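In: sequence and predicted model, in that order:
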Amino acid sequence: MRAHRLLAALALPVLLSSTAGAQIPKSSLVTVVQSHKASILRYIDAAPDSMLGFRPTKGVRTFAEQIEHAAGADAMIAHMAITGGMAGMPAMGDSAVYLHNKAALRTYATAAMDHTIQMLQGVSDASLMQEVSMMNMKMPRYRFLMEMLDHFPWTLGQTVPYLRMNGVTPPAYSPF
Amino acid sequence: MCRSALTTFAARDPMTRGHQTVQNYGATEMAASWRTVRNNTIQIAEELPADQYAYRATPDSMSAGQMLAHMATATHWMEQAHFVERKMAITGQDFGRYFGEIGAMTAALGTKDEIIAALRSRGESFATALAAVTEAQLDEMVELPGATKSRCEVLLGAKEHEMHHRAQLMVLQRLLGIVPHLTRARQARPTT
């Protein structure tokens, strides 16, 4: 069920930024996702255990849910765009555990980002150029993958005020 | 390493050669993407009441207005480095100079109207410059302190920077009781 919620939330940026995403080669996609992985682990490490369930106001995700959404969406986009579906998507953790346990959350985020990187490393250049259908749209596979580059900072960035409101100075940020 | 890699590939790949739906994305599309992102920022800036521009989540974080002013002027260094000075290497000293200029520009933006005007004018100036970048320029490797990146990858960072801060603004909106417009649009979509 969590996968469906992720998909529902993901549809928006994809639809609203139909022109989003400049074309970059696979190696650059991998490099950016590796940078994102390092960022999300720094954010998790900076957060005290006590703030996993923190939400700044009602109606928004908790800190742990934001981390889950940022990392899990990357893994899901990469898996779906490259394999064409959810079959074979590895279980990366139990949300009943990792949403309440920082070590488990770190393990989940690591697994999700590693799966994303692994999927990207395994895709061929020919496959990147193939047109695929996903979320009721058709476009070259790499265009779907480019969505990760928009969605991730949009989600992780939301945790900056979360950290501030818990007395934590956010880790240094760089888009490179 | 930005566009030409896949453009070249498309030309030699029998599956994609001549296939109209496979598009190449370069400077024009990067500019369009940037405009999409910036327009969403402008909508947030417009929806925030002027008397809430001073709102900040905590005393040690940027206010909404400061963040928007920062976003409005942050592209200055990219414009200078990539489009005006056409640098192949950007040093720490260069960054110090650029950020000094950005600081002065940001400080000059005091009101909601001034900030929105700067978001519009500087955003469009950056988009126009992006659209004019050649494929060869996107492929150039640029030395940064501690890293070497293609100009394309560095320019993509502008969008990521905007997303990083817009994400924070959306949380500030929530704290002020405003449902962000992108969330409203999602909520308005029929569920399947």
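Out: Noted; the coordinates are in hand. Predicted, not measured: the structure shown is a model, and the values here were computed from it.
In: and the strands in the chain, which stretches?
Out: Unless you meant another one, I'm taking chain A. Taking DSSP state E as the criterion, chain A carries its strands at A:131-134, A:137-140.
In: meant chain B actually
Out: Counting by DSSP E, the strands of chain B are B:141-144, B:147-150.
In: picking up where we left off before, I'd like the strands of chain A written out as TSV, with mean pLDDT and mean neighbour count added.
Out: Where C-beta positions appear, they are placed from N, C-alpha and C, glycine not excepted. Formatted as TSV, the strands of chain A follow (pLDDT from 0 to 100; neighbours: other C-beta atoms under 10 Å in any protein chain shown):
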stretch	mean pLDDT	mean neighbour count
strand A:131-134	82	15
strand A:137-140	81	17
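In: now the residue in chain A positioned nearest to chain B. Nearest residue, chain neighbours left out?
Out: Closest residue of chain A to chain B, C-beta to the nearest C-beta: A:Gly157 (3.0 Å). Distances taken as C-beta to C-beta, 6 or more residues apart in numbering or on different chains put B:Ala167 closest to A:Gly157, at 3.0 Å, once the chain neighbours are dropped.
In: that neighbour: what's it in contact with?
Out: For B:Ala167, the contact set (C-beta atoms under 8 Å, 6 or more residues apart in numbering or on different chains) comprises A:Pro153, A:Trp154, A:Thr155, A:Leu156, A:Gly157, A:Gln158, A:Val160.
In: repeat that for B:Ile116.
Out: B:Ile42, B:Ala45, B:Glu46, B:Leu68.
In: among these, which two are most distant?
Out: Farthest pair in the contacts of B:Ile116 (C-beta to C-beta) is B:Glu46 and B:Leu68. Separation: 10.4 Å.
In: higher neighbour count, the two?
Out: B:Leu68 (27 against 11; other C-beta atoms under 10 Å in any protein chain shown).
In: and the pLDDT at that one?
Out: You'll see B:Leu68 listed with a pLDDT of 98.
In: distance of it relative to A:Asp45?
Out: 29 Å (C-beta to C-beta, to the nearest Å).
In: can you check A:Asp150 too?
Out: Separation of A:Asp150 from A:Asp45 (C-beta to C-beta): 25 Å.
In: neighbour count: these two, which is higher?
Out: A:Asp150 (23 against 10).
In: for B:Leu169, what are its contacts?
Out: Taking C-beta under 8 Å, 6+ apart as the test, what B:Leu169 contacts is B:Thr41, B:Ile44, B:Leu48, B:Ala64, B:Met67, B:Leu68.
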